[in-house]
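Trainee: let me see the structure of the following:
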Amino acid sequence: MEGGVRLRAGERRARRGGAAGYVTARGGGARARPLGVTVGARPCPQLCPPVGASKRDVREKVWDYLEASGLADFPRPVHRRIPNFKGSHQACCSIKELDVFNRAREIKVDPDKPLEGVRLAALQARKTLLVPTPRLRTGLFNKIVPPSGATKEILRICATSQGIKEYSVPVGLDGKARVDLVVVGSVAVSEKGWRIGKGEGYADMEYAMMVSMGAVQEDTPVVTIVHDCQVVDIAEELLDDHDLTVDYILTPTRTIKTNCKRPKPQGIIWHKVSYEMLGKIPILKSLRYREKQTGKGVTLLDEHSDLANANTSAALNEKAMAENTRPQDATGSAQIGQHYVESDSLSPRLEGSGMVTTVYVGNIPPSVRVSELKCALREFHAAPLRLNWQGAQHRAFLDYKDEATAESAVSSLKGLSLGGNTLRVELAKNQRNKGQVEINSQK
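Mentor: Take a look at the predicted model:
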């Protein structure tokens, strides 16, 4: 054993200098190679990116080669994906040779098809398996929970995309995840540990979010699974400070320890996050709110220009919220236990227009105060005309001037977490506030 990689009997080492550390070649028997020849050396010189090649150029070359050479596997075509390849299961099985895998108790593995064998190995070894939600739309992690007494066949199902849907439970921001090993897919990777994904940035963002959550540490190892042909030279100038690097590369024939010295992302780089990304990944909103509360800078990429062109009605909503969120002073405020309405009434124009739309906010923890919700509403530019707080029922109702404004608020607040709970935010079934009737009936 050396550097964290345990060698099986009969294996031989092919050492290489430089930052790549060492390469372990797997194989033997009839397929054994002459001593000194590295098994799995890059099979096609045309995959070496030319000088000046972009990340996109590298991706296209790899995708094209996998398809043209017959190495691509289901799902096809592999373009625009983390590509699956023939031999992926063999590559995945070799993770069981790594000490970092055997020591790990909690493992995060991406949901890509070529990583299915790693997910199965983790479940068979009774490790806690976390899988990111697809495109991070509904949170960060799902924890795979096989049924009690699961057979080998059930575990195989749990490792598939269908099993992830059927045998998982969500893990929130306050789920206290402590990831010991990260496994990601790649389109291309260099022996120095420099990685290129499919171009959407989700693996990089997932890692940055885990840093922000405290789920990974600076020395948490990162492994990728690829075909030998995906191991190519990558120019360092193609890398950005948000790009995730890897410590181990597993192929069908090799285990490569990269000894990568390039720092991994230290957290979310907010000035590179756009409002569009914030809308696509709801959990980012909660992380941004949390980090802002600690005094960190969370200015977004397009925040300044967006604020300059802010919608006037949104500004008016915030003003109304500020004026109407003084329950102790507001005329006619109704307070019964933890119930109160933030304003005495809607303006006569809105009251009679029939346009007011109500948003329901549920799953509010008992420890959360109304002031925390109000602060979050302002932060996410979702301040309503009126807030009806019903803390004892763990809910609140928000009145907006029309349906479009209410739907925008639902979109902005989706994924918001307060007090350890992800809030349930949706248009109220009854578009008038039933809670208001309840309060009035108790006067």
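Trainee: need the three-state assignment for Ala396.
Mentor: Per DSSP: H, G, I helix; E, B strand; the rest coil, the local secondary structure of Ala396 is strand.
Trainee: give me the number of residues near the closest residue to it other than its chain neighbours?
Mentor: Nearest-residue entry for Ala396: Val361, 4.5 Å, with adjacent residues in sequence omitted and distances by CB to CB, 6 or more residues apart in numbering. From N, CA and C alone the C-beta is placed, and that goes for glycine too. Other residues near Val361 come to 28 when the count uses other CB atoms under 10 Å.
Trainee: ok, Val361 touching Leu427?
Mentor: No: counting by CB atoms under 8 Å, Val361 does not reach Leu427; the two are 11.1 Å apart.
Trainee: for Glu403, grab phi and psi.
Mentor: Here is the backbone geometry of Glu403 (degrees, to the nearest 10): phi -70, psi -40.
Trainee: in this structure it contacts Thr358, no?
Mentor: No: with contact defined as CB under 8 Å, Glu403 does not reach Thr358; the gap is 10.1 Å.
Trainee: look at the two and report which has more neighbours.
Mentor: Counted by other CB under 10 Å, Glu403 and Thr358 do not tie: Thr358 has more neighbours, with 22 against 13.
Trainee: tell me the bridge partners for the more buried one.
Mentor: Asp399 (DSSP bridges).
Trainee: wait, what's in contact with the residue lying closest to Ile269 once chain neighbours are set aside?
Mentor: In space, and not counting its chain neighbours, Ile269 is closest to His242: 5.3 Å by CB to CB, 6+ apart. Counting by CB atoms under 8 Å, 6 or more residues apart in numbering, His242 touches Gly201, Asp204, Ala208, Pro265, Ile269, Lys272.
Trainee: confidence score at the residue nearest to the fourth one when sequence neighbours are not counted?
Mentor: Spelled out, it's Pro265. Leaving aside its sequence neighbours, Pro265 sits nearest to Ala208 (CB to CB, 6+ apart; 4.5 Å). On pLDDT, Ala208 comes in at 89.
Trainee: need the contact partners of the helix or strand harbouring Ala208.
Mentor: Ala208 belongs to helix 202-213 when assigned by DSSP states H and E. Residues from elsewhere that reach helix 202-213 (CB under 8 Å, 6+ apart): 108, 110, 132, 135-136, 140, 173, 177, 179, 182, 184-185, 197, 216, 222, 242-244, 264-269, 281, 283-284, 287, 290-291.
Trainee: got a list of contacts for the one helix or strand Tyr360 maps to?
Mentor: If you go by DSSP H and E, Tyr360 is part of strand 357-362. The contact list for strand 357-362, computed with CB under 8 Å, 6+ apart, reads 373, 384, 394-403, 405-407, 409-410, 413, 423-433.
Trainee: where along the stretch 1-150 of the chain do the helices fall?
Mentor: Using DSSP state H, counting those that start in this stretch, the helices of the stretch 1-150 of the chain run over 55-68, 88-93, 99-103, 116-124.
Trainee: single out the most deeply packed of these.
Mentor: Mean neighbours per residue, mean count of other CB atoms under 10 Å, is largest over the helices of the stretch 1-150 of the chain for helix 116-124, with a mean of 23.
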